[in-house]
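Colleague: here are the coordinates; sequence isn't available:
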């Protein structure tokens, strides 16, 4: 499905005091346009997001031209467009927070740019606006990634697997053989939690909502490495759950009643990390869980972590570890459908939750 | 009201290989009885708690005889008797978790006992059963305290001021000039929070429930050193509250709606510590407070801290600091009424919450 990136010998073009490295492909699109999605008002994504052609601006010092290869539609993108997310971009805004692209041209300046045409890059900054065929950005706002990673995996690594990785690393020192429990286990983050936890030797108790094809879903999450998969109804009386060590770490993306059931499973002194509220209900905590069981409640937001670690070595280290898992086959991309960028409205439609459940991850793909 | 402890020259009596140091007062009660409260079933304290005379047992190696001087009726005592507390003592049980007594006799053994007749002591262990005129305990289960501390202050220092002290020290490094916010500010812990915080140079925002004599209560808490005192209704729109630095630490003993209002006042990255649930409602946390504002939620239980620090130097250090505050006048005993031990039923009655509010702290006093 994906054209292999062919290594192109880069011609060097001198423009004033700056020099430009560009791929031959770039030379043909040098004065071209970028097809860009945009919204001028917050609202229903299907109504407010429109497509337009934008002239690609001339590169300034330190900037690179990126051809997008793939960009997912994450729930936070939808909520941002709806105007109900914690971050409200200035309007008009180009949606899309995540994705992978290929560097097409590099404008060198006073400092060397450590990127070459043909390099794969993902955004270093938040809200870059990845739902467009081409973008021009400062090279320092991008992260160069290995080119042997599949395009879908690269496009979806920075938000969901990174969230799973940090939540498993940063809150409770969970050791091999110990248990992590989570709800919304079939979410993109949940699937990454299962796989990363398995690679660390951790047991996982995975809670999902009951549904017609539940046995298929259970099988899928077990195949990913989930130790136990139970429905919310099965949780309390599950012998399997009682047979594993009580978890010190619970990951909550549902909140409401599901969150309360989740925290009841924690060992004394355990921690529940909330990273979502799919039920649209608050987290309700019995007082005794806090006082007598000494349970702690914290939140995690990948966007804040990234802002705090924009140029921190921990970020590259995390990405390298995740790419290593991808290469070894231990971390697969989430259940997804690729949708050509021209069919973006279909992708938006399919990305909206239906009966409070999310379908397959929609991934916009771009022609090169 | 309180007889000064007169220093008594201790006669030494040899009994076998052990020697006994005793006050002259003790010699007269050597074969006496202890008037003891007891309950055989959990239930309404006014019904299940009965008085009985118990022969004082002979001292064994390392044990001391203590004459109780004063013992408070804390909410946890009431809940323990009702059988609704986290700790369920084996029945029959002697109620009373806190209090101060005077050592009357010491039975020395293989190891030296660092206590003398006339020394003031408080329990080191939980659920010692302080509601009795005399008790015999291992000297290692008691903490010797300075004898220049008022009896009421000594009897009430180990639970409520210690809770306030630890919550101000152990969760968030609050610096002079910064703000701590609390609800239930007129509780015994709340009053201690105000005074200890003031001694540390911290501002306090103190939330109380509206009541007929609210201006008198506000004045009282201001006199104790509270920076701002507001009712729950006044909180959201209080200009005074908006004028102080946003708190990083919130102390919650009410939970329910009051707890939710409290957490809304916290600065991003702040912590709410829950140590009570006077509303009998859970703590309800909007998901955004966890994810986007990065608020943490923890619980505190003095009993657990004490168990974890039973012989830890931090415990003596804390008590010494608190006694220092008492001596300097910076930490007063909570609003209280002393009740002769013989009228214990009156004390129990007055200690029960009325319309969800607690009245003055009831303190049982013992004749010497």
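Modeller: Received, thanks. Computed from a predicted model, the values in this text were never measured in an experiment. Numbers count the residues shown, from 1 in each chain, chains lettered A, B, ... in the order given.
Colleague: Pop out the phi and psi values for the closest residue to chain B within the stretch 1-150 of chain A.
Modeller: Residue nearest to chain B within the stretch 1-150 of chain A: residue A:86 (4.1 Å; Cβ to the nearest Cβ). (C-beta placed from N, C-alpha, C; glycine too.) For residue A:86, the backbone dihedrals (degrees, to the nearest 10) come out as phi -70, psi -20.
Colleague: so it touches residue B:291, yeah?
Modeller: Yes. Using Cβ atoms under 8 Å, residue A:86 is in contact with residue B:291, at 7.5 Å.
Colleague: hey, what's in contact with both of the two?
Modeller: Common contact partners of residue A:86 and residue B:291 (Cβ atoms under 8 Å, 6 or more residues apart in numbering or on different chains): residue A:301.
Colleague: which residue sits closest to the spatially most central residue of chain A in space, ignoring its chain neighbours?
Modeller: The centre of chain A sits closest to residue A:159, judged by Cα atoms, centre = their mean, with a distance of 2.3 Å. With Cβ to Cβ, 6 or more residues apart in numbering or on different chains as the criterion, residue A:159 has its nearest non-adjacent residue at 5.0 Å, and that residue is residue A:98.
Colleague: So for the one you found, what pLDDT did the model give?
Modeller: At residue A:98, the model reports a pLDDT of 97.
Colleague: Just checking: what are the partner strands of the strand ranked longest in chain A?
Modeller: Among the segments of chain A that qualify as a strand by DSSP state E, the longest is strand A:63-73. Note on strand A:63-73: by DSSP bridges, its sheet partners are strand A:100-107 (antiparallel), strand A:134-138 (antiparallel), strand A:361-365 (antiparallel).
Colleague: Would you agree residue A:359 falls within a strand?
Modeller: No. Counting by DSSP: H, G, I helix; E, B strand; the rest coil, residue A:359 is not part of a strand but coil.
Colleague: if we can go back for a sec, after the longest strand of chain A comes which helix or strand?
Modeller: Per DSSP states H and E, strand A:63-73 leads on to helix A:75-82 as the next helix or strand towards the C-terminus.
Colleague: Would you mind measuring the gap between the ends of stretch A:271-290?
Modeller: Its start and end residues considered, stretch A:271-290 measures 10 Å (Cα to Cα, to the nearest Å).
Colleague: element containing residue A:322, please.
Modeller: Counting by DSSP H and E, the element that carries residue A:322 is helix A:313-328.
Colleague: Same question for residue A:162.
Modeller: If you go by DSSP H and E, residue A:162 is part of helix A:160-170.
Colleague: how much space between residue A:314 and chain B?
Modeller: For residue A:314, the distance to chain B equals 18 Å [Cβ to the nearest Cβ, to the nearest Å].
Colleague: In contact with that residue, which residues?
Modeller: Residue A:314 sits in contact with no residue, where contact means Cβ under 8 Å, 6+ apart.
Colleague: Then residue A:333?
Modeller: By Cβ under 8 Å, 6+ apart, the residues touching residue A:333 are A:150, A:152-153, A:156.
Colleague: Please identify the residues of chain A in proximity to chain B?
Modeller: A:86, A:255, A:274-277, A:282-301, A:304 (Cβ under 8 Å from any Cβ of the partner chain).
Colleague: which of those residues are buried?
Modeller: Burial by neighbour count, judged by 16 or more other Cβ atoms under 10 Å in any protein chain shown, picks out A:255, A:274-277, A:282-287, A:289-301, A:304 from those.
Colleague: returning to that earlier point: quick one: the helix holding residue A:162 to strand A:63-73, angle?
Modeller: 90 degrees (axes from the mean of the first three to the mean of the last three Cα atoms, to 10 degrees).
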